[in-house]
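1. this one's structure only:
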Ligand SMILES: [Zn+2]
C-alpha cells in the first residue's frame, strides 16, 4: 500500500474497497498496537447478510481513536474535506462515526468509540471465539455463495477481528435501548437482518442466547409483542 497521503479526493492511491483493503487496515492498526474490531455494513456481509457496503467502519478503544486516525491517514486514507459530508452530521436515523477518513469521496473509513457501541467488550484484541472471532473463521462464518457475494474472508489474508454473532445480537439490543430516543430502530434492523439471513445459513443459533436476550428474540419470532417489550425493558437491567 502507498505510504504517502493521497493528493485529493480524486487522487486516492488506495486499492479498491474489498477484503484486502479491510485486511490492510487491520494490519496497520495491529502494527500500531491499536485494538479494534471491524464494524458496520462490511461486517454484516461477512455473516452472509447481503447489503451494499460504502466503506469500512471499525470500533477502537476510546483512548486510541486519535492514534487510529493518524495511523490510517499516514497509510493513504484521505482527510474529509467536505462540511456537507454525511459522516460529519448527527443524523436522526443512523449513527455516524466519532471521526472518519475517506477511501474515495463517497467511501469512508469510520472510527467508532468502543464506549459508544461495544462497551461490553473490554478487550478488542482478544480472539476467544465467544465474543470476538476472526473474519476468516470457517467454523462460524459462511463461505462465498454461488454468485460470489461477500462472506467470510479468505484464509490467506491478514487476520481481521469481528464480534461473534451471538455477542453482536446482545450488543445491538443494548444499543437499541441506549439509543431508543434517536436511532434505536437502526440497530433493531441489524438484528432483523441477522435473524433473516443468519438463521438460515446456520451462523446464528438463538439457543446460544440466554436470559432476556433469548426471551426477546423468541418473542420477536413468535410475534408476541407484549413479551418482547417486557424483555426489552429488562435487558441490561437484570442480566
Ligand atoms: Zn467525510
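-> Cool, the structure landed. No experiment lies behind these values; they were computed from the predicted model shown.

2. And stretch 98-109, end to end?
-> Terminal residues of stretch 98-109 are spaced 11 Å apart (C-alpha to C-alpha, to the nearest Å).

3. With stretch 189-202 instead?
-> With C-alpha to C-alpha, one end of stretch 189-202 sits 19 Å from the other.

4. pLDDT at residue 237, what is it?
-> pLDDT, residue 237: 72.

5. Could you say which helix or strand holds it?
-> Taking DSSP states H and E as the definition, one finds residue 237 inside no helix or strand.

6. What separation do you get for it and the ion?
-> 37 Å (C-beta to the ion, to the nearest Å). Yep, even glycine has a C-beta here, placed from its N, CA and C like the rest.

7. ok, how many other residues are close to that residue?
-> 8 (other C-beta atoms under 10 Å).

8. likewise residue 179?
-> Around residue 179 there are 18 residues (other C-beta under 10 Å).

9. What sits closest to it if chain neighbours are left out?
-> Nearest non-adjacent residue to residue 179, counting by C-beta to C-beta, 6 or more residues apart in numbering: residue 187, 6.6 Å away.

10. what about that neighbour, helix or strand, and which?
-> Per DSSP H and E, residue 187 falls inside helix 184-193.

11. just checking, what packs against that helix?
-> helix 165-178 (3 or more C-beta pairs under 8 Å, 6 or more residues apart in numbering; DSSP states H and E).

12. Contacts for the helix it packs on next, please.
-> For helix 165-178, the surrounding residues in contact (C-beta atoms under 8 Å, 6 or more residues apart in numbering) are 47, 117-118, 120-121, 130-132, 140, 163, 184-185, 187-188, 190-191, 194, 198, 203-205, 208-209, 213, 216-217, 232, 235-236.

13. which among those residues end up buried?
-> Among the contacts of helix 165-178, those scoring as buried are 47, 117-118, 121, 131-132, 140, 163, 184, 187-188, 190-191, 194, 198, 203-204, 209, 213, 216-217, 232, 235 (criterion: 16 or more other C-beta atoms under 10 Å).

14. Domain ranges for this structure, per the record?
-> 19-164, 166-234 (automatic domain parsing).

15. end to end, how far does the first one reach?
-> Taking C-alpha to C-alpha as the measure, domain 19-164 stretches 18 Å from start to finish.

16. Checking it against the ion, do any of its residues make contact.
-> Yes - residues of domain 19-164 are located near the ion by C-beta under 5 Å from the ion, namely 80, 85, 87.

17. mean confidence score for that domain?
-> 94.

18. Go through the residues of domain 19-164 next to the ion and give me the one with the most neighbours.
-> Greatest neighbour count in the residues of domain 19-164 next to the ion, by other C-beta under 10 Å, goes to residue 87: 18 neighbours.
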